[in-house]
Every structure is written in C-alpha cells, then in structure tokens.
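when you get a sec, could you give me coordinates for this:
(chains A and B)
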Number of protein chains: 2
Amino acid sequence: MDIVLIGSGNVATHLGNSLQAAGHRIVQVYSRTKAHADALASVLQSQPSTTDELSELHKHADIYLIAVSDRAIGSVISALPSGIQGIVAHTSGSTPIAVFENYPDPHGVFYPVQTFSIAKSVDFAQVPIALEASSEQTYETLAQLGNTLSNRVFACDSKQRLAIHIAAVFACNFTNYLYAIGEDVLQAEGLDFDLIRPLIQETADKIQQHSPNRVQTGPAHRNDQVIVQRHIDYLANKDQAQLKELYALISSLITQKAL
Amino acid sequence: MDIVLIGSGNVATHLGNSLQAAGHRIVQVYSRTKAHADALASVLQSQPSTTDELSELHKHADIYLIAVSDRAIGSVISALPSGIQGIVAHTSGSTPIAVFENYPDPHGVFYPVQTFSIAKSVDFAQVPIALEASSEQTYETLAQLGNTLSNRVFACDSKQRLAIHIAAVFACNFTNYLYAIGEDVLQAEGLDFDLIRPLIQETADKIQQHSPNRVQTGPAHRNDQVIVQRHIDYLANKDQAQLKELYALISSLITQKAL
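Take a look at the predicted model:
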C-alpha cells in the first residue's frame, strides 16, 4: 500500500521502517519541522516527499498514519485538506475514535501496543495492534495492513484501548521509573546498576509464563513489617521524602492485596 | 564443602540445588517444620539428615547457611548450639552483620541478589553474590564458596547491602506489582494480559544495555497532562481510588525528574 506518515518521532520512524520492510511504500512524510521530515525520509528507500504543511499532503495514498503527540492529533485532523481518498488513522492508545467526529469516513485507529525508542529496533511480528474503524470496510483495510506487520491484530473499542494504554503505562513507563529509582539508590552507595540487571530480567521473564498476580514476592507481600520499616527509615535518612512515600504506598497496596 | 541448610523455603531450595550441582555436599537440613526439611532433603542427592531442633545441628560442617525469613534470623542465631566449627552465614539483604553481635567468629553474610520462586530455576552463574564476614579468612572461605556458584562475587558492607535490597524491591517486587495492576486493568475490560507481555519484555530488555534514567518514556515523561488526567479520570471512575493515587504520585515524580 501507499502510505503517508504524519509525524517523524519514534512511532513514525519505527512504523515507517517496518512498513517498508513489509513491502509497503512510504510516499510522503509530514512533520511540523521540515528538517525532521527530511531526516526520516532520508532513511526510507522509497524516497518519500516531505512537507511541513498539511495542506500539501498527497490526496491519493491508501493510508495516512497520524503518529504525533496525543495533544496534536485533534489539530492535525482539523487541518487535513479536503479530498483525501485514503484512510486516515491515528496511532494513539488514549485518544478515542471520536477525535474524528468532524472528519468524514474512512478513518480509524491503528495502535501498536509497544514502546518505541530510537536506540533499539523492535520485532513487529509479536506486537499486538489494536484497530478501530469508521466502517467494516475500513476495518478490513486496516487489518490487511496490520497483518503484514504483526500476527496479533485485533479489534477493540476506544474504552478498551484506553485501558490497554493505562496498563502499559503501569507495566512499562512506571516500571522503567522503578528501575531508575533502583539505579539512583545503588549509585548513592557507590554501587553499579549492573547488580540488579539479572534480577530485572528474571522478573520480566517470569511473567511471560505466569500471572504476575500469582508470583508476587518480597517483604510487603510477606507482610514483613520489620523489613518494610527498615527500608522506609533508610529512604527517610536519605532525605528522599517522596521515595519514602512511594515505597510506603506500594508496600501497603501489596500487603492489602496479599491478605 | 559440607554445608548445613538452615531453612527450607525458596532461597534454601535454590541454594541447595545449586550448591549440589557445583559439587558441594548438603549434610543436613533444618526447618522448624520437620516435614519441610524432609521435603527439601528428599530432592538432594546427598541424602542429608533433617531436624526441627537447632540443638541437633551437626557441629563439623564447613558452612551453615541461614535462609529463613528476616524476622527469624536473630532467634535462629541465639538458638545455635555452642561448639559449631564452621562459618555461620545468613543470606539476607536487609539484615546487618551486627545480628551476629553475640555470636563468635567465624560468621558472615552470603546474599544472592536474585528473586527465587519454586516455579522457575535460576542460572546462578549470573547472580551477583554480596559477601560480608567477621574476618578476612572467613571472607576468603565464603568467596571460595561463592565463586563455585557465580562469576560475580563481591564484598559490601551492611549499609550497601541494604541499599541493594531496597533497589531490588523497587525494581523487582514493586515492578511485579505494577505488572499485576496492568493485568487487573486489562481484565476489567475483558482483555488478556498477553497484550502487554511483549511490552514488558521490551522494557526489561532495553535496560540491559541502557541506563533506565536515559530511556524513560510515556505521558508523564513528556509532561502530557491531558493524557495523564485522562488516565486518572479512568481510574477514578473505576472506583480504584488507591490506583488513582499511585498513578498520580508516580506520574508527578516522573514529570519532576524530566523537567
């Protein structure tokens, strides 16, 4: 299919590369910063045209993928030129399909459930892709596209998609923040983050086969209040009042759940 | 070496199996519940004797590893019979070596930085083992033992070890709890946890090469307050007041760190 990428960040870049590898043709890249559009276009074999004006979008591509920050999606849609023939789809977890309420059919949502960073390539085959569309026919076309990338394309409504994004924020973004706290706590004692890398790997590996609700461990889960308090005291002495609060809150939630 | 295991839970079981595989001989297993000691002894080739009386411990083993819950370590040490010849070492992250203050040399700490569960075997070679000892000679013997299990044996004092355990609680126990929240949020919408397993794997894989402080992503990191608020509203509607509080706290900490 011929695809226009609207956006030039991590999601647009990973999608562009993966769609190209799957045999599609990226025909145009939009970014509000022309140099960013040029940078992404330069790594794509199809040599797409670039623009920083939405009014200059091609009219006859098959799919227009909006991969911009959530807060910009509405204004991008409002500024799309009339007469676009293809499907316009955004790629956001937390933006409902209703963001298209003033935009005609065909439109939809194409949400890959994964975290993308420039530093690391991603195997799209295992990435679930959540779809929603303005009509059954539009859904089928988005599903065709999705199936060329992934084995796990599925339909879900906007509320379910929001739940997936929230679950992903807890299990990915917040988890990485806990890793970062671990790194900070170790560094404050002159210790290397490498000490807990195997533990992090083991923790993530374990839930690939098991339910995390069934493999919870640790002092709070055992309701070992002596250790919980020892840890809270340590964090308090470190003048890290907010980490102390976070430790206490999560520990009490884990203990409540275990009882 | 000849080893006595004091304890029969996850840590004792994993240590017993790994020490046996490394060529050591488990000569005795103590548990306050005799049946638990028997169960662990029955899977060890050396057919160790078992007891639920600390007064019946062999006197002439090389190493006595205390792998009981943190709160029981002090009372186990107090109840050890006099005349033990070998090194007595506990395996806890958060219990200082001072717990041995009324117990003579040789004693120490042998703390494997890993999470152990019955469900899953662990490759000890990559597990860091933190050592502390009552004398240099005792340290050398514990290091000899550690080196037969792991490539990553190192010295650290009780305060550093506490920091390692706190870092591990954040990065492992608390992380697993965030996975469990993800599972709960998905289940409430009729969705499967499998949807975010690839994301969890990717998040853990990424920090094997990178610093988590440098690869943070997500709405809070971008200071995207519209999405953060949308997620908080969703959790509030779900009558999950504490999850809402947790979401808000972690998001504000991430945003502060990013600014």
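
and the longest helix along chain A, C-alpha only, in PDB?
In chain A, taking DSSP state H as the definition, the longest helix is helix A:241-258. Extracted C-alpha coordinates of helix A:241-258, given in PDB (Å, rounded to 0.1, in the frame of the first residue of the first chain):
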ATOM      1  CA  ALA A 241      10.800  12.000  51.300                       C
ATOM      2  CA  GLN A 242       8.900  11.300  48.100                       C
ATOM      3  CA  LEU A 243      10.600   7.900  47.500                       C
ATOM      4  CA  LYS A 244       9.800   7.100  51.100                       C
ATOM      5  CA  GLU A 245       6.100   7.900  50.400                       C
ATOM      6  CA  LEU A 246       6.200   5.900  47.200                       C
ATOM      7  CA  TYR A 247       7.700   2.900  49.000                       C
ATOM      8  CA  ALA A 248       5.100   3.100  51.800                       C
ATOM      9  CA  LEU A 249       2.200   3.400  49.400                       C
ATOM     10  CA  ILE A 250       3.200   0.500  47.100                       C
ATOM     11  CA  SER A 251       4.100  -1.700  50.100                       C
ATOM     12  CA  SER A 252       0.700  -1.100  51.700                       C
ATOM     13  CA  LEU A 253      -1.100  -1.900  48.400                       C
ATOM     14  CA  ILE A 254       0.800  -5.100  48.000                       C
ATOM     15  CA  THR A 255       0.200  -6.100  51.600                       C
ATOM     16  CA  GLN A 256      -3.500  -5.400  51.300                       C
ATOM     17  CA  LYS A 257      -3.700  -7.500  48.200                       C
ATOM     18  CA  ALA A 258      -1.900 -10.400  49.800                       C
END
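
relative to helix B:241-258, how tilted is it?
Angle of helix A:241-258 versus helix B:241-258, following axes from the mean of the first three to the mean of the last three CA atoms, to 10 degrees, is 150 degrees.

so what does helix A:241-258 touch, helix or strand wise?
Packing partners of helix A:241-258 (3 or more CB pairs under 8 Å, 6 or more residues apart in numbering or on different chains; DSSP states H and E): helix A:225-237, helix B:175-188, helix B:241-258. All C-beta atoms are positioned from the backbone trio N, CA, C, and that covers glycine.

just how off-centre is it within its chain?
Its chain's C-alpha centre and that of helix A:241-258 lie 26 Å apart, by CA atoms, centre = their mean, to the nearest Å.

find the nearest non-adjacent residue to the residue lying farthest from the centre of chain A, please.
Most distant from the centre of chain A: A:V226, at 38.5 Å, with distances by CA atoms, centre = their mean. Leaving out its chain neighbours, the residue that sits closest to A:V226 by CB to CB, 6 or more residues apart in numbering or on different chains is B:R71, at 5.3 Å.

residues touching the longest helix of chain A, excluding its own?
Outside helix A:241-258, the residues that touch it by CB atoms under 8 Å, 6 or more residues apart in numbering or on different chains are A:181, A:216, A:218-223, A:228, A:231-232, A:235-236, B:166, B:169-170, B:173-174, B:177, B:180, B:242, B:245-246, B:249-250, B:253.

those residues, buried ones only, as a ChimeraX selection?
Here is the ChimeraX command that selects the buried residues among those (16 or more other CB atoms under 10 Å in any protein chain shown):
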select /A:181,216,218,219,220,221,222,228,231,232,235 /B:166,169,170,173,174,177,180,246,250,253
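
just the strands in the stretch 1-150 of chain A please.
In the stretch 1-150 of chain A, strands defined by DSSP state E, counting those that start in this stretch lie at A:2-6, A:25-30, A:49-51, A:63-66, A:87-90, A:107-112, A:129-133, listed in chain order.

and these: which comes nearest B:D62?
Among these, strand A:107-112 comes nearest to B:D62, with 55.2 Å by CB to CB.

what about that closest one, distance to the chain center?
Offset of strand A:107-112 from its chain centre (CA atoms, centre = their mean): 13 Å.

remind me which residues of the stretch 101-250 of chain A are low pLDDT?
Residues of the stretch 101-250 of chain A meeting the criterion pLDDT under 70: A:239.

now do the contacts for A:V122.
Counted by CB under 8 Å, 6+ apart, A:V122 has contacts A:H14, A:S18, A:Q114, A:F116, B:E202.

need the residues you listed in CSV with neighbour count, can you?
Listed next are the contacts of A:V122 as CSV, based on neighbours: other CB atoms under 10 Å in any protein chain shown:
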residue, neighbour count
A:H14, 22
A:S18, 20
A:Q114, 22
A:F116, 20
B:E202, 20
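
how about these in CSV, adding distance to B:A98?
Formatted as CSV, these follow (distance: CB to CB, whole Å):
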residue, distance to B:A98
A:H14, 52
A:S18, 56
A:Q114, 47
A:F116, 48
B:E202, 42
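
pick out the most distant pair among these.
Greatest spatial distance among the contacts of A:V122 (CB to CB): A:S18 and B:E202, at 14.2 Å.

residues contacting the nearest residue to A:T138 once chain neighbours are set aside?
Nearest residue to A:T138 in three dimensions, chain neighbours excluded: A:P106, at 4.0 Å (CB to CB, 6+ apart). Applying CB under 8 Å, 6+ apart to A:P106 gives the contacts A:G86, A:I87, A:V88, A:A133, A:S134, A:S135, A:Q137, A:T138, A:T141.
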